[in-house]
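S.K.: Pasting the sequence and the predicted coordinates here, then a few questions.
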Amino acid sequence: MLDGSQKLMQIFNLGIEISQYRDVDLLLERILTLARQFVNAEAGSIYIKEENWLKFSYTQNDVQQKALPPGKKLVYSTFSIPINHESIAGHAACADEMLNIPDVYDLPADVPYTFNKEYDELSKYTTRSVLTFPLKTSRGGMIGVLQLLNAKNEKNEVVPFDRADEPFVKHFASSAAIAIERAQMTRQMILRVNKMAELRDPKETGAHVNRVASYSVEIYEAWATTRNTPRDEIQKNRDILRMGAMLHDVGKVAISDAILKKPAKLDPQEYAIMKQHTYLGARLFADEYSEFDEAAAIIALNHHERWDGAGYPGHINVQTGAPLPGCEDEEGRPLGKKGEEIPPFGRVVAIADVYDALCSRRAYKEPWSETDVLENLRSEAGKQFDPEMIDAFFSCIDVIRNIAKRYNKP
């Protein structure tokens, strides 16, 4: 058992750790993991405030996770609840109050909130002890609510949450809220940059880039895990990949409307101009001030390369678009990058981008059926796509489908 000073130091260290995350989705996952570990909670969820609602944004459950095959992730639906006194999470947000409930099936008669048993009934999971607390910044801004379920003792029995931990949890909640607020600002800045592309190209919507980025992270994690990549490296790469992938097509802001908005397939000359968006996008991040800049440049430049070497833009000078010395074909065109010459981030975003494009409606085509999309991806393994990454894609297809629903795939 840790004493008070040791717990306080642990909370300080947890605050430092979450401050390293820049993508809001991955930050929420890490906050929930660390909070659960600190109080030894079996499960938990995070709700993010959106106007007068709390959006159920992330969940973890050890019992349900253990029931899944190795390597599979828990799939869940998102929903929203009103910020009022009727639910436990809603009351915590509305009253700005931490709730430490020993047994939600035995609530005092004088409390205004109730426990919704529907989730337990649907999931065949039994919730007992619940620790729910608002996430507020130092300026008093409400970010959301963190809810932890079923504290466990040394004998792995469900027990009430220790009230002595409440001050430490409140301190962590403040650090978490500040980190979330910062990550939300970063996400909004990226989405604003993408809105410039969206004004030019209606396909580049916020939902599209969020789907591509989220797919990419899941595919990368599955692929890197099979290659025994250290977990710390995977976590770090997921963070920068998630943000960089959102900007994969930002170079389209430099392509003319006549090409971007053409309601039909492009002719060869137009297609040649369209291909320039890869290195034009990479140029935006040429002055690398961070690992994010480096990742964004790599993704923008390489997400149209093909495993078999038939992609674009190939081995070029990013500033001029000209082939690198010794890297051109007989007609002076740049040779495409091939196999592992293509950086992993480029290979993984290529799969995510094509999957979303085939599933989506375009001016010149209807969405493909999922069966046809998946058959196409399988058939392109070893040709257009890295075959190991295609295997990784199919290993997490349930999570991919869930992401598509979360970000409103048309």
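M.R.: That came through, no problem.
S.K.: so where's the chain shaky on pLDDT?
M.R.: Along the chain, the parts satisfying pLDDT under 70 run over 1, 197-205, 363-364, 409-410.
S.K.: run the last query once more with 80
M.R.: 1-4, 138-140, 194-206, 288-289, 361-365, 408-410 (pLDDT under 80).
S.K.: Tell me who's in contact with Leu2.
M.R.: Shown in contact with Leu2 (Cβ atoms under 8 Å, 6 or more residues apart in numbering): Gln10. All C-beta atoms are positioned from the backbone trio N, CA, C, and that covers glycine.
S.K.: State which helix of this protein is the longest.
M.R.: When the chain is parsed with DSSP state H, its longest helix is helix 166-200.
S.K.: Just the buried residues of that one, please?
M.R.: Under the neighbour-count criterion of 16 or more other Cβ atoms under 10 Å, helix 166-200 has 168-169, 171-173, 175-183, 186-187, 190, 193-194, 197-198, 200 buried.
S.K.: what do you get for stretch 79-92?
M.R.: Applying 16+ other Cβ under 10 Å to stretch 79-92 flags Ile81, Ile83, His85, Ser87, Ile88, Ala89, Gly90, His91, Ala92 as buried.
S.K.: Just the residues contacting that stretch, thanks.
M.R.: By Cβ under 8 Å, 6+ apart, the residues outside stretch 79-92 that reach it are 47, 49-50, 52-56, 93-95, 97-99, 101, 104, 111-116, 130, 132-134, 145, 147.
S.K.: can you tell me which residues contact the residue located most distally from the centre of the chain?
M.R.: Here the chain reaches farthest from its C-alpha mean at Glu330, the gap being 42.8 Å by Cα atoms, centre = their mean. With contacts defined as Cβ under 8 Å, 6+ apart, Glu330 has no neighbours.
S.K.: where along the stretch 301-410 of the chain do the helices fall?
M.R.: 344-359, 370-379, 387-395, 397-406 (DSSP state H, counting those that start in this stretch).
S.K.: among those helices, which is the most enclosed?
M.R.: Neighbour counts (mean count of other Cβ atoms under 10 Å) averaged over each of these peak at helix 344-359, with a mean of 23.
S.K.: what helices or strands is it leaning on?
M.R.: Applying 3 or more Cβ pairs under 8 Å, 6 or more residues apart in numbering; DSSP states H and E, we find helix 344-359 packed against helix 206-226, helix 231-245, helix 291-302, helix 370-379, helix 387-395, helix 397-406.
S.K.: Of all the ones you listed, which one comes closest to Pro343?
M.R.: With Cβ to Cβ, the closest approach to Pro343 among the helices and strands packed on helix 344-359 belongs to helix 291-302: 4.9 Å.
S.K.: returning to that earlier point: which of the buried residues of stretch 79-92 lies closest to His208?
M.R.: Nearest to His208 among these: Ile81, at 27.7 Å, using Cβ to Cβ.
S.K.: Backbone torsions only: list them for the closest one.
M.R.: Main-chain dihedrals, Ile81, degrees, to the nearest 10: phi -130, psi 150.
S.K.: gap between it and Tyr113?
M.R.: Applying Cβ to Cβ, to the nearest Å, the value for Ile81 to Tyr113 is 11 Å.
S.K.: What of Asp329?
M.R.: Distance of Asp329 to Tyr113, computed by Cβ to Cβ: 69 Å.
S.K.: between those two, who's got more neighbours?
M.R.: Neighbour count, other Cβ atoms under 10 Å: between Asp329 and Tyr113, Tyr113 has more, with 21 against 11.
S.K.: quick one: which helix or strand includes the nearest residue to that one once chain neighbours are set aside?
M.R.: Closest residue to Tyr113 apart from its sequence neighbours, by Cβ to Cβ, 6 or more residues apart in numbering: His91 at 4.3 Å. Assessed by DSSP states H and E, His91 sits inside helix 88-95.
S.K.: Could you do Leu149 as well?
M.R.: strand 142-152.
S.K.: I'd like to know which elements that strand is packed against.
M.R.: helix 24-39, strand 41-50, strand 53-61, helix 88-95, strand 130-136, strand 158-159, helix 166-200.
S.K.: Give the pairing partners of that strand; include direction for each.
M.R.: Paired neighbours of strand 142-152 in the sheet (DSSP bridges): strand 41-50 (antiparallel), strand 130-136 (antiparallel), strand 158-159 (antiparallel).
S.K.: so can I have JSON lines of those showing distance to Glu17?
M.R.: Compiled in JSON lines, the strands paired with strand 142-152 are given as follows (distance: least, Cβ to Cβ, whole Å):
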{"stretch": "strand 41-50", "distance to Glu17": "16"}
{"stretch": "strand 130-136", "distance to Glu17": "16"}
{"stretch": "strand 158-159", "distance to Glu17": "27"}
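S.K.: looking at the ones you listed, which is closest to Leu260?
M.R.: Nearest of the strands paired with strand 142-152 to Leu260, taken as Cβ to Cβ: strand 41-50 at 31.3 Å.
S.K.: Run through who's touching the closest one.
M.R.: Under Cβ under 8 Å, 6+ apart, the answer for strand 41-50 is 28, 31-32, 35-36, 54-64, 80-81, 83, 89, 93, 125, 127, 131, 142-152, 158, 161, 180.
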